[in-house]
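1. just a sequence and a predicted model for now, questions to come.
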Amino acid sequence: MDGVLDGALGAAFAGGRADLAATGLSLIMDELAYGVLLASLKGQLLHANQAARHELARRQVISVNEGHLHTVDATQARVLQQALAKAETGRRSLIALRSPTRGRLSIAVVPLRSERHHGNPPVALVLSRATVVDAVMLCFFARTHGLTPSEEQVLSILCQGYSAPEIAVQLNVAVSTVRSHVRSLCAKTHSNGVRALVGQVAVLPPIGAAHLQDPLH
């Protein structure tokens with residue numbers, strides 16, 4: 001009797017752990033700066049984290065209609081369909097969907113093989129993020145290294161690929177002021193130059209703000 005009871009408790013505990021793991025994974029996915037979609041091979045949307053829901057709600061490159069993923073035109077639809085067809089054979093793809101307003105959105109299309117879905121696996125679509133680093137992680141980085149608001153602003157623009165003279169124009173300050181900020185940034189972050197500084201930021205964990213849960217249309 002005790003053995004049966006222990007087995008039942010063990011099964012319940014295992015089930016509880018599975019539920020907790022699933023809930024925890026979902027919460028973690030919502031914190032990512034990258035949008036992640038889970039779809040069927042036919043393009044049916046199964047799940048989207050917050051960053052992905054935010055992108056879908058914008059309806060500028062990819063959207064959802066009647067439960068299925070849609071693109072802005074037939075050309076982009078073919079690109080997505082071809083990637084899903086490759087996923088059906090177990091192959092991964094890196095595609096770029098475009099629109100006149102949003103520009104380019106890179107998407108990694110990854111088949112998710114498992115024993116449960118061996119014949120018809122779901123597909124993960126991992127969306128590129130708009131900037132090198134999310135504002136939240138940049139803020140964490142700035143606070144960790146004791147950056148001033150002006151230094152944080154300069155760092156944010158540096159990460160977008162702008163030079164010191166271009167930053168000076170944007171901020172309406174002297175180039176010497178920007179270069180002074182850059183020297184301070186390198187000293188505080190122990191970087192030996194702008195490239196190393198931006199490299200530190202680029203490899204920060206991809207954690208983003210909890211995006212507004214825009215409704216899907």
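-> Arrived safely.

2. now name the helix or strand holding Val64.
-> strand 62-65 (DSSP states H and E).

3. list the contacts for Ala52?
-> Shown in contact with Ala52 (C-beta atoms under 8 Å, 6 or more residues apart in numbering): Gly35, Val36, Leu37, Leu125, Leu127. The way it works is simple: take the backbone N, C-alpha and C, and place the C-beta from them, glycine included.

4. please identify which of these is nearest to Gly90.
-> Closest approach between those and Gly90, by C-beta to C-beta: Leu125, at 15.9 Å.

5. quick one: buried residues of the strand holding Val64?
-> Neighbour-count burial for strand 62-65, counted by 16 or more other C-beta atoms under 10 Å, picks out Ile62, Ser63, Val64.

6. how is this protein divided into domains?
-> Per automatic domain parsing, the domain ranges recorded for the chain read 1-31, 32-127, 135-202.

7. just send those domains back as JSON lines, with mean pLDDT and distance to Gly208 too.
-> Below are the domains of the chain laid out as JSON lines (pLDDT from 0 to 100; distance: least, C-beta to C-beta, whole Å):
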{"stretch": "domain 1-31", "mean pLDDT": "60", "distance to Gly208": "7"}
{"stretch": "domain 32-127", "mean pLDDT": "90", "distance to Gly208": "3"}
{"stretch": "domain 135-202", "mean pLDDT": "95", "distance to Gly208": "6"}
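
8. residues contacting Arg98?
-> Contacts of Arg98 by C-beta under 8 Å, 6+ apart are Val61, Val72, Gln76, Arg104, Leu105.

9. go again with 7 Å.
-> By C-beta atoms under 7 Å, 6 or more residues apart in numbering, the residues touching Arg98 are Gln76, Arg104.

10. okay, and the beta partners of it?
-> Arg104 (DSSP bridges).
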